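Engineer: structure here, sequence nowhere to be found:
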């Protein structure tokens, strides 16, 4: 009987919902970023693979540039991947994962070049009982970590050279959508490698996919065929259908954002102190668009939603800060990387606030700026005030004690 240990898997990439985008632009942005770091990309490629039965794709780099450790490569180059996410029309996940004794998993939720959430976990930093971030994402997408490591085996895929990121984006998308016949693969002047099933992929399995890219019918990712090519009418109809679907989805998203904004600004808690105003919106740190109006170095003009007109005179010319509860340490950054428990314990200082013993650390919140993270037990609060600036004890303690 073999007792050989399972092989160590090291992989990473960008997971996203397959939709209308330019695969060659994604390759070009990644290539440009790697060149700026003096990396040799001439013999490496960008591979984009789609799940066999769902419109979920993963983009990964293959070739000697990885130095046989893909997880470390993507961890070291998350800045390039964040920049490249501007090419994608929807939210995406940048991830890296390595198994074995030195297991490490990291995950970033990004949209149009902005980080909404980040998590980095090692064997030493992951709290007992808490799931690994990439493993949890795989469960939500109903795939295994091994499937992700192998880039969705059995699904269609395309490969684009990083040294010369050129190609026909329409043809590449048709392959990924499961339509190789319509892509006319036998006459490819650019020479990209295409592998895909001859028949269209079946529809995705039923059921919710929490936190995974939103589902869309594979046909929706098919662009219109150029005039004069067979099937142009059907492709044009598909394009129009996709445009209508997008408009409907945008309208629904706008309405959902309005409803969420109304929820956040209802019964808005706030307090004044010697520095100015501190607001406690019922929002999450990742909802930067909702929180940004409550972070102003000096108030002038219109009051942020939810604040009463009677405080205008008292607030004029003073700063507005906000404080929110934070569920995971990795939602903030310290020393240029997502915060973990080990780094917090090593670098945080003791603070007595309102008769309570807390721990505090200077941190950075993506899209919101510098501030401080206060911790009591397992509860965390982020406030946009820096070291040396007063802290509203009653408001912060209420947030820490909130269940």
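Structural biologist: In hand now; what should we look at? All values derive from a computational prediction rather than experimental measurement.

Engineer: so how far is residue 348 from the residue lying closest to residue 395 once chain neighbours are set aside?
Structural biologist: The spatially closest residue to residue 395, leaving aside those adjacent along the chain, is residue 271, at 5.0 Å (Cβ to Cβ, 6 or more residues apart in numbering). In this view, the C-beta of every residue, glycine as well, is placed from N, C-alpha and C. Going from residue 271 to residue 348 by Cβ to Cβ, to the nearest Å gives 24 Å.

Engineer: the two: which is more packed in?
Structural biologist: The residue with more neighbours, out of residue 271 and residue 348, is residue 348; 20 against 15, by other Cβ atoms under 10 Å.

Engineer: I'd assumed residue 363 was in contact with that one.
Structural biologist: No. Between residue 348 and residue 363 there is no contact under Cβ atoms under 8 Å: 9.8 Å.

Engineer: so residue 265 touches residue 306, yeah?
Structural biologist: Yes. Counting by Cβ under 8 Å, residue 265 sits close enough to residue 306 to count as a contact (3.2 Å).

Engineer: mutual contacts of residue 348 and residue 363, please.
Structural biologist: residue 373 (Cβ atoms under 8 Å, 6 or more residues apart in numbering).

Engineer: give me the contact list for stretch 290-303.
Structural biologist: 260-261, 264, 276-277, 279, 281, 283, 285, 304-305, 309, 311-312, 315-322, 324, 367-369, 384.

Engineer: just the buried members of these?
Structural biologist: 261, 264, 276-277, 279, 281, 283, 285, 304, 315, 319-322, 324, 368, 384 (16 or more other Cβ atoms under 10 Å).

Engineer: contact partners for the nearest residue to residue 65 once chain neighbours are set aside?
Structural biologist: Closest residue in space to residue 65, ignoring its immediate chain neighbours: residue 44 at 4.2 Å, by Cβ to Cβ, 6+ apart. With contact taken as Cβ under 8 Å, 6+ apart, residue 44 is in contact with 61-66, 162-163.

Engineer: next one: phi and psi at the closest residue to residue 91 other than its chain neighbours?
Structural biologist: Using Cβ to Cβ, 6+ apart and skipping the chain neighbours, the partner closest in space to residue 91 is residue 111 (4.5 Å). Here is the backbone geometry of residue 111 (degrees, to the nearest 10): phi -150, psi 120.

Engineer: and what of residue 169?
Structural biologist: Dihedral angles for residue 169 - degrees, to the nearest 10 - are phi -60, psi -40.

Engineer: grab the nearest non-local neighbour of it.
Structural biologist: Closest to residue 169 by Cβ to Cβ, 6+ apart is residue 22, at 4.7 Å.

Engineer: give me the neighbour count for the one you found.
Structural biologist: Neighbour tally, residue 22, other Cβ under 10 Å: 16.

Engineer: what's the pLDDT at it?
Structural biologist: pLDDT for residue 22: 90.

Engineer: pop out the phi and psi values for it.
Structural biologist: According to degrees, to the nearest 10, residue 22 has phi -110, psi 100.

Engineer: about what we covered before: okay, and the common contacts of residue 265 and residue 306?
Structural biologist: residue 281.

Engineer: name the nearest of the contacts of residue 44 relative to residue 79.
Structural biologist: Using Cβ to Cβ, residue 61 comes nearest to residue 79 of these, at 14.7 Å.

Engineer: need the three-state assignment for the closest one.
Structural biologist: strand (DSSP: H, G, I helix; E, B strand; the rest coil).

Engineer: from residue 91, how far out is it?
Structural biologist: Counting by Cβ to Cβ, the gap from residue 61 to residue 91 is 21 Å.

Engineer: these two - which one has more neighbours?
Structural biologist: residue 61 (24 against 17).

Engineer: if I pick residue 375, what's in contact with it?
Structural biologist: 344, 348, 358-361, 381.

Engineer: ok, the spatially most central residue of the chain - contacts?
Structural biologist: Nearest to the geometric centre of the chain sits residue 109, at 1.3 Å (Cα atoms, centre = their mean). With contacts defined as Cβ under 8 Å, 6+ apart, residue 109 is in contact with 91-93, 115-118, 286.

Engineer: kindly report the same for residue 145.
Structural biologist: By Cβ under 8 Å, 6+ apart, the contact list for residue 145 reads 9, 97, 99, 134-135, 138.

Engineer: make a markdown table out of the residues you listed and add neighbour count, distance to residue 245 and secondary structure.
Structural biologist: A markdown table is the format used below for the contacts of residue 145 (neighbours: other Cβ atoms under 10 Å; distance: Cβ to Cβ, whole Å; DSSP: H, G, I helix; E, B strand; the rest coil):
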| residue | neighbour count | distance to residue 245 | secondary structure |
| --- | --- | --- | --- |
| 9 | 17 | 36 | coil |
| 97 | 28 | 33 | strand |
| 99 | 20 | 39 | coil |
| 134 | 26 | 30 | helix |
| 135 | 17 | 32 | helix |
| 138 | 21 | 27 | helix |
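
Engineer: wait, which of those residues is closest to residue 54?
Structural biologist: So of the contacts of residue 145, ranked by how close each gets to residue 54 (Cβ to Cβ), first place is residue 138, at 12.5 Å.

Engineer: from residue 131, how far out is the nearest residue to the closest one once chain neighbours are set aside?
Structural biologist: Take residue 138 and drop its neighbours on the chain: the residue closest to it by Cβ to Cβ, 6+ apart is residue 145, 5.2 Å away. Per Cβ to Cβ, residue 145 is found 12 Å from residue 131.

Engineer: ok, now residue 98?
Structural biologist: For residue 98, the distance to residue 131 - Cβ to Cβ - is 16 Å.

Engineer: give me the more crowded residue out of the two.
Structural biologist: Between residue 98 and residue 131, counting by other Cβ under 10 Å, residue 98 is the more crowded of the two (23 against 12).
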